[in-house]
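Peer 1: pasting the sequence and the predicted coordinates here, then a few questions.
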Amino acid sequence: PLRRKIALFYNRMMMIIKIMLMLFIPFFLFTNYFNEVKQEIIQNIYELAAEYGFRLENVLIEGQYNTKEEDILNTLNADKGTPIFAINMNLIMNHLRRNPWIKNIAIIERRLPNTIYIRISERIPIAIWQINGQIFLIDEDGYKITNNIDNFSNLLHVVGSDANIYTSKLILDLANYPDFAKKVVSAVRYGERRWDLNLEQAIIVKMPEVNFKQALDYLVKL
């Protein structure tokens, strides 16, 4: 009988412990009451993994041409030797998205044991847009990239409130006549409906609102 009582008491205690664990584990994992404890446990795991080689040693970047390498590296907020699992990938993604040069972020991943790999696609500047006394590099979508045009002063200069939207189409039309396109110094968008083309030797051509391609073909023949 004593052995049976002990066994019964043991079974009851185990049942109570199991119930308490079932209640405590979700409470521990899905509430904020134990955040400090959880963070300390996670950090200890990261540091333990780092001792076995899982720490930052290399950063591989692909698709970066005009984006400053320093700006990309700063988004990691980590030094060489940082536990690689402690690096917040979502935070890196959010910071990179704020960079005006970056159009798309293809991949951000850990390549274990010690490498962060980043592949991006950049915006390609196609023209210099002047609006309200300011100038910006713009891409094919008319997106303002930067006001630093030092390395792109040879691009077509366009002016007008909606010139950025129609610049891509203008450049495509001019591309059909490459010799003539070289003579176009700038283009001014008037009335949000048509272009004036400013050519070399101070020649201004007022292009029509409709039948732009036919007019351009006629102009080239002239």
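Peer 2: Received, thanks.
Peer 1: run through the chain and note the low-pLDDT ranges.
Peer 2: Along the chain, segments meeting pLDDT under 70 span 21, 23-31, 33-34, 38.
Peer 1: could you pull out the strands in it for me?
Peer 2: Along the chain, counting by DSSP state E, strands occupy 58-62, 102-111, 115-122, 127-131, 134-138, 144-146, 156-159, 184-190, 194-199, 203-206.
Peer 1: so for residue 73, which of these sits nearest?
Peer 2: The closest of the strands of the chain to residue 73 is strand 58-62. By CB to CB, the value is 6.3 Å. Bear in mind the C-beta positions are built from the backbone N, C-alpha and C, glycine included.
Peer 1: contacting residues for the residue nearest the centre of the chain?
Peer 2: The structure's the chain has its C-alpha centroid closest to residue 97; by CA atoms, centre = their mean the separation is 3.3 Å. Contacts for residue 97 (CB atoms under 8 Å, 6 or more residues apart in numbering) come out as residue 105.
Peer 1: next, count neighbours for the closest residue to residue 139 other than its chain neighbours.
Peer 2: The shortest distance from residue 139 to any non-neighbouring residue, by CB to CB, 6 or more residues apart in numbering, is to residue 123 (4.1 Å). Burial of residue 123 is recorded as 22 neighbouring residues (other CB atoms under 10 Å).
Peer 1: so who does residue 123 touch?
Peer 2: Residue 123 neighbours (CB under 8 Å, 6+ apart): 100-103, 139, 143, 145.
Peer 1: now it, what are its backbone angles?
Peer 2: Backbone torsions for residue 123, taken as degrees, to the nearest 10, come to phi -80, psi 140.
Peer 1: hang on, the earlier thing: for residue 75, see how far away the residue nearest to the centre of the chain is.
Peer 2: As judged by CB to CB, to the nearest Å, residue 97 and residue 75 stand 10 Å apart.
Peer 1: do the same with residue 207
Peer 2: Residue 207 is 44 Å from residue 75, by CB to CB.
Peer 1: contacting residues for residue 156?
Peer 2: 126-128, 167, 170-171, 184, 186-187.
Peer 1: name whatever forms a beta bridge with it.
Peer 2: Counting by DSSP bridges, residue 156 is bridged to residue 127.
Peer 1: which stretches of the protein form helices?
Peer 2: Under the criterion DSSP state H, helices of the chain are mapped to 2-30, 35-51, 69-74, 89-97, 163-175, 178-181, 212-221.
Peer 1: most tightly packed of these?
Peer 2: Of those, the one with the most neighbours on average (mean count of other CB atoms under 10 Å) is helix 163-175, at a mean of 17.
Peer 1: still on that earlier bit, ok, of the contacts of residue 123, which come out buried?
Peer 2: Neighbour counting over the contacts of residue 123 (16 or more other CB atoms under 10 Å) leaves 101-103, 139, 145 as the buried ones.
Peer 1: pick out the most distant pair among these.
Peer 2: The widest separation within the buried ones among the contacts of residue 123, taken as CB to CB, falls between 102 and 139 and amounts to 11.4 Å.
Peer 1: burial count for residue 142?
Peer 2: 18.
Peer 1: that one: what's it in contact with?
Peer 2: Going by CB under 8 Å, 6+ apart, residue 142 touches 129, 164-165, 167-168.
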